[in-house]
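Enquirer: can't give you the sequence, but here's the structure:
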């Protein structure tokens, strides 16, 4: 087996249903996480006889449902033999599907089980891990022949497997797939526990002290212009954006699928809102999938109503 190469050319693109199978310890968990990040509805160890029903219930036949990724392996014992028929049923009902087979050398699988100190999932009492691996490989031989895409993970790290799957199943980059949540908050209402990055903008000039702007928010043009166009803010934004441009690719490279950026000021009404909006614009232009919100803005608006 070659380093991460598949046996035959793949034309999977984005099928309705992906069957994830292959050798235990070859990367099925990482594959599940990757398909979840791609928006698939993922089910582990689903009996093959239920695949068609789940696909129909999920609305795939209507064209509006989420794509489905199903892990099928020998943990289901005799039910695994039903997979051939389940794939035929999908075709008969005009669902497109792909079979992803994850493989690795016996020595690699044995080493992985030794490192995580977990028993092989199909090993019976008294059976060695290497014997369970060999028995699993023999029982999977027929499904290997039906696989649409075979990936050998012998020399692949989890991040490399993720990148390989993304290259096969989406045209989006890992940067575009990482969901970035930019939100404002007020320190007086507590620190956000969910933030990966927090920036404190209480050093900026505060519109609160201007009676005209006090009842407004950072979304109002008067407040936004006051905050953003201030010379101090201009210097800050240049360096803040440069910092984000430096650290964000590192998070992408680490395979992080979600990142939260919190922007805080005293009450979460003026400065943090304006800066969070500008931050979201900058990251969107940089090619990230950005969601923005304002944690404490509703409180501020109630208090100033």
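Expert: The structure has been received and is ready for your questions. Remember, it's a predicted structure, so these values are computed and weren't measured experimentally. Numbers count the residues shown, from 1 in each chain.

Enquirer: all contacts plus neighbour counts: C-alpha atoms, from now on.
Expert: Will do.

Enquirer: what about the stretch 201-305 of the chain, any weak spots by pLDDT?
Expert: 301-305 (pLDDT under 70).

Enquirer: what about the strands in it?
Expert: 258-265, 289-294 (DSSP state E, counting those that start in this stretch).

Enquirer: want to try JSON lines for the ones you listed, with mean neighbour count as columns?
Expert: Putting the strands of the stretch 201-305 of the chain into JSON lines (neighbours: other Cα atoms under 10 Å) gives the following:
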{"stretch": "strand 258-265", "mean neighbour count": "23"}
{"stretch": "strand 289-294", "mean neighbour count": "17"}
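
Enquirer: looking at those strands, which is closest to residue 155?
Expert: Closest approach to residue 155 among those (Cα to Cα): strand 258-265, 26.5 Å.

Enquirer: Partner strands of that closest one and their direction?
Expert: If you go by DSSP bridges, strand 258-265 pairs up with strand 179-186 (parallel), strand 197-200 (parallel).

Enquirer: What lies in contact with that strand?
Expert: 178-187, 192, 194-202, 271-273, 275-276 (Cα atoms under 8 Å, 6 or more residues apart in numbering).

Enquirer: Buried ones from those, can you make that a PyMOL selection?
Expert: Buried residues within these, by 16 or more other Cα atoms under 10 Å, are selected in PyMOL with:
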select buried, resi 178+179+180+181+182+183+184+185+186+187+192+195+198+199+200+201+202+271+272+273+275+276
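
Enquirer: All the helices of the protein, residue numbers only.
Expert: In the chain, the segments counted as helices under DSSP state H are 28-37, 51-57, 83-92, 106-116, 129-139, 141-146, 158-169, 174-177, 221-228, 231-253, 271-285, 297-304.

Enquirer: between the ones you listed, which one is nearest to residue 210?
Expert: Among the helices of the chain, the nearest to residue 210 by Cα to Cα is helix 221-228 (9.8 Å).

Enquirer: Can you tell me what sits against the closest one?
Expert: Outside helix 221-228, the residues that reach it (Cα under 8 Å, 6+ apart) are 204-207, 213, 216-218, 233-234, 270-271, 274-275.

Enquirer: Max pairwise distance over those: which two?
Expert: Farthest apart among these - using Cα to Cα - are 216 and 234, which lie 21.4 Å from each other.

Enquirer: Compare the two (neighbour count), which wins?
Expert: Using other Cα atoms under 10 Å as the criterion, residue 216 and residue 234 rank with residue 216 on top: 21 against 13.

Enquirer: before we move on, the earlier item: want to try a markdown table for the strands of the stretch 201-305 of the chain, with distance to residue 46 as columns?
Expert: Output for those, formatted as a markdown table (distance: least, Cα to Cα, whole Å):
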| stretch | distance to residue 46 |
| --- | --- |
| strand 258-265 | 27 |
| strand 289-294 | 31 |
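
Enquirer: re the thing from before, top of the contacts of helix 221-228 by neighbour count?
Expert: Neighbour max across those (other Cα under 10 Å) = residue 271, 35 neighbours.

Enquirer: measure the residue nearest the centre of the chain to residue 107 for me?
Expert: Nearest to the geometric centre of the chain sits residue 37, at 2.8 Å (Cα atoms, centre = their mean). From residue 37 across to residue 107, the span is 30 Å (Cα to Cα, to the nearest Å).

Enquirer: do residue 83 as well
Expert: With Cα to Cα as the criterion, residue 83 and residue 107 are 28 Å apart.

Enquirer: Of those two, which one has the most company?
Expert: Comparing residue 83 with residue 107 by other Cα under 10 Å, the one with more neighbours is residue 83, at 19 against 11.

Enquirer: Now that one: closest residue in space that isn't a chain neighbour?
Expert: Counting by Cα to Cα, 6 or more residues apart in numbering, the nearest residue to residue 83 once its immediate chain neighbours are dropped is residue 48, at 5.1 Å.

Enquirer: Now for the one you found, how many residues are close by?
Expert: Neighbourhood size, residue 48 [other Cα under 10 Å]: 23.
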